[in-house]
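Q: just coords:
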DNA sequence: TTTGAGCAGTTACAAATGTAAACGGAGGTC
DNA sequence: GACCTCCGTTTACATTTGTAACTGCTCAAA
């Protein structure tokens, strides 16, 4: 039953992100627990949250384990993988030529720790060696005159 | 210069991105022209593309100007703003504590020019000064024990 | 002037998403 | 034993998105 191929991560909708984050943070949760936590941020009904839980299980993003007569939910992919996957998915839509600029904007706006910065600097340093002088726009089928 | 007011840009769907990229790249296009270009990548019917065009106009992302009896389409926001907006929107869903890691992943996977790298390094250098040692997880309402 | 090509507008319809009420079974309460 | 409470399951319904056919108007060719 488990077609667990993690090539392209199942699409996670904004509402679903909110549940997933709680599951990832807690490691495992009972629906009641999750509903209580979530309702402190969103005024969603129990039903709504239960539907979202069910859909996440359907999508294969959450797994359940029967404990007593409740279900314990756990994530099937790591938060990091999901985050990277979504980010890369978004970047796939963007013009190759301008992805760099967007990264600059992000790096500028996101709060980074000293550790993050060091890691970024390391990656950049190693990429700098054979980085191209320019990247071609890939918005049009053939050649583009951007 | 303007990049302040981030009044959540209208949501752009994956299909819509494809049209927008063509409009941005060409500056302005007639539907026929756009349809021809797009059909070289996607096997969408004329109708489909016209519907997408209409929806983009409705959303206020495209503007039309009547020329002869055709319409000339132009984007109402810059590609850069749209890209930054979408990227920031995505990052809003992510755990604050792990955004840095995701950026590292992106920087690692995206093809960057020497110029992009230099810009990124500059931004990082300036942020490094007062970067925190750690960022708190913001996935749970109250305190979190990640 | 009849006809057809081109383009915009209208309608359609299924799948996904947001949001939620209603139903049903198992344990605990009186 | 009757009833209430929890929790999972079903059903529901509007909106958005993907995908496209059908309609109608206008210009230009036959």
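A: Arrived safely. What you see is a predicted model, and the numbers here were worked out from it, not measured in a lab.
Q: quick one: contacts for the closest residue to residue A:39 other than its chain neighbours?
A: Nearest residue to residue A:39 in three dimensions, chain neighbours excluded: residue A:49, at 7.7 Å (CB to CB, 6 or more residues apart in numbering or on different chains). The C-beta positions use only the backbone N, C-alpha and C, and glycine is treated the same way. With contacts defined as CB atoms under 8 Å, 6 or more residues apart in numbering or on different chains, the neighbours of residue A:49 are A:19, A:31, A:34-35, A:38-39.
Q: which of the residues you listed fall within helices?
A: The helices, defined by DSSP state H, take in A:19, A:31, A:34-35, A:38 from the contacts of residue A:49.
Q: and which of those is nearest to residue B:27?
A: When these are compared for distance to residue B:27 (CB to CB), residue A:19 comes out closest, at 42.3 Å.
Q: residues contacting the nearest residue to the closest one once chain neighbours are set aside?
A: Spatial nearest neighbour of residue A:19, excluding adjacent residues (CB to CB, 6+ apart): residue A:52 at 5.5 Å. The contact partners of residue A:52, taken as CB under 8 Å, 6+ apart, are A:15-16, A:19.
Q: secondary structure element for residue A:52?
A: If you go by DSSP states H and E, residue A:52 is part of helix A:46-58.
Q: most centrally placed residue in chain A?
A: residue A:83 (2.7 Å; CA atoms, centre = their mean).
Q: Provide a list of residues in contact with the spatially closest residue to residue A:70 that is not a sequence neighbour.
A: Closest residue to residue A:70 apart from its sequence neighbours, by CB to CB, 6+ apart: residue A:30 at 5.1 Å. By CB under 8 Å, 6+ apart, the contact list for residue A:30 reads A:67, A:70-73.
Q: can you check residue A:100 too?
A: Neighbouring residues of residue A:100 by CB under 8 Å, 6+ apart: A:135, B:110, B:112-113, B:115-117, B:119-120.
Q: that one falls within a helix, correct?
A: Yes - checked against DSSP: H, G, I helix; E, B strand; the rest coil, residue A:100 lies within a helix.
Q: what residues does chain A have near DNA strand C?
A: Those residues of chain A that sit near DNA strand C, judged by CB under 7 Å from any atom of the strand, are A:11, A:13-16, A:43-45, A:47-48, A:50-52, A:69.
Q: still on that earlier bit, list only buried entries from the contacts of residue A:100.
A: The neighbour-count test (16 or more other CB atoms under 10 Å in any protein chain shown) marks A:135, B:110, B:112-113, B:116-117, B:119-120 as buried among those.
Q: any idea which of those residues is closest to DNA strand D?
A: Closest to DNA strand D out of the buried ones among the contacts of residue A:100 is residue B:110 (22.5 Å), distances taken as CB to the nearest atom of the strand.
Q: residue contacts, that closest one?
A: A:91, A:99-100, A:103.
Q: which of these sits closest to DNA strand C?
A: residue A:91 (18.4 Å).
Q: follow-up on the earlier one: next step: the contacts of residue A:100 restricted to helices.
A: Per DSSP H, the contacts of residue A:100 map to helices at B:115-117, B:119-120.
Q: buried residues of stretch A:73-92, list them for me.
A: A:73, A:75-77, A:79, A:82-88, A:90-91.
Q: show me what the helix or strand of chain A with the lowest mean pLDDT is packed against.
A: Ranking every helix and strand in chain A by mean pLDDT, DSSP states H and E puts strand A:62-67 at the bottom, with a mean of 92. If you count contacts as 3 or more CB pairs under 8 Å, 6 or more residues apart in numbering or on different chains; DSSP states H and E, strand A:62-67 packs onto helix A:46-58, strand A:70-75.
Q: looking at these, spot the one closest to residue B:26.
A: Closest among the helices and strands packed on strand A:62-67, using CB to CB: helix A:46-58, at 39.2 Å.
Q: from the chain's centre, how far out does the closest one sit?
A: Its chain's average C-alpha position is 18 Å from that of helix A:46-58, according to CA atoms, centre = their mean, to the nearest Å.
Q: got the residues of chain A near DNA strand D?
A: Along chain A, the residues adjacent to DNA strand D under the rule CB under 7 Å from any atom of the strand are A:30-32, A:47, A:50-51, A:54, A:69-71.
Q: narrow those residues to those that are buried.
A: The buried subset of those (16+ other CB under 10 Å) comprises A:31, A:71.
Q: would you list the residues of chain A next to DNA strand D in CSV and tack on pLDDT and distance to residue B:95?
A: As requested, the residues of chain A next to DNA strand D are exported to CSV (pLDDT from 0 to 100; distance: CB to CB, whole Å):
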residue, pLDDT, distance to residue B:95
A:30, 95, 21
A:31, 94, 21
A:32, 95, 23
A:47, 96, 26
A:50, 97, 23
A:51, 97, 23
A:54, 96, 23
A:69, 82, 31
A:70, 89, 26
A:71, 93, 24
